[in-house]
Structure formats: C-alpha cells, structure tokens
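Student: what shape does this take:
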Amino acid sequence: MWLVEHRISATELARTLGDVLARVRYRGDSFVVERNGTVVARLVPATEKRATLAEVFAAWRSAGPPDPEFADALEEIDSLDWPPDDPWVS
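Tutor: Presented below is the predicted three-dimensional model:
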C-alpha cells in the first residue's frame, strides 16, 4: 500500500482525530504532528504482525554484546531534554 505522509498541527489533530485515524487505518496515510512548528509525534498505520516471544529472544541473543557507552549517551540526551515553560501553549 502506498503511504502518504501529511503534516498536521496538534490543534488540527485534536479537531479531526476521527478523520485522521480513519485515514491512517484505511488509506495507509501517515501524519507528522507538529506543535509550534516542532515535530512531536508521528501517526503511522499499525502493523498486524507481532513477534512471538521466541522471536524476541532470538533477536536479543543475536544483537551482539551491549555497548558500554549507550547508557551514558542516553543520560546525556535526557539531560538536554527540557519541558516547555507552559505545556498548554500550542
């Protein structure tokens, strides 16, 4: 199915949520949701195939050794993420 990606404001999404969800489900459209010009979310069609627990464990075992610097990188990214002064402003 051909996917079309649309940009939509959070306010417009709130006003047209039913229509947007129908377009995602039935047409395969995807939406990039923006708030104050900043991308905050992406709505995409859900996949029907779900991995079994055995497949999850097999993927985990085949992923290789853990990266010792990964946790430090996540901590650094988290320290740079500040919430807005007023979360209700859109």
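
Student: D86 - that's part of a strand, no?
Tutor: No. Counting by DSSP: H, G, I helix; E, B strand; the rest coil, D86 is not part of a strand but coil.

Student: tell me the pLDDT at it?
Tutor: Looking at D86, its pLDDT is 78.

Student: please apply the same query to R50.
Tutor: pLDDT, R50: 72.

Student: repeat that for S62.
Tutor: Looking at S62, its pLDDT is 90.

Student: which residues does it contact?
Tutor: For S62, no contacting residues are found, by Cβ atoms under 8 Å, 6 or more residues apart in numbering. (Glycine included, C-beta is placed from N, CA and C.)

Student: so what does it look like in phi/psi?
Tutor: When read as degrees, to the nearest 10, the backbone of S62 gives phi -90, psi 0.

Student: distance of it from D19?
Tutor: For S62, the distance to D19 equals 42 Å [Cβ to Cβ, to the nearest Å].

Student: how about stretch 16-31: buried residues?
Tutor: By neighbour count with 16 or more other Cβ atoms under 10 Å, stretch 16-31 contains the buried residues 20, 23-24, 29, 31.

Student: meant to ask about stretch 67-82, not that
Tutor: By neighbour count on 16+ other Cβ under 10 Å, the buried set for stretch 67-82 is empty.

Student: what of stretch 30-44?
Tutor: Buried residues in stretch 30-44, counted by 16+ other Cβ under 10 Å: 31, 33-35, 43.

Student: quick one: pLDDT of R25?
Tutor: On the pLDDT scale, R25 gets 87.

Student: what about the protein, any weak spots by pLDDT?
Tutor: Along the chain, the parts satisfying pLDDT under 70 run over 1-4, 48, 90.

Student: who's sitting farthest from the centroid in it?
Tutor: Centroid-distance maximum for the chain: P65 at 26.4 Å, with Cα atoms, centre = their mean.

Student: quick one, phi psi at that one?
Tutor: Per degrees, to the nearest 10, the backbone of P65 is at phi -70, psi 150.
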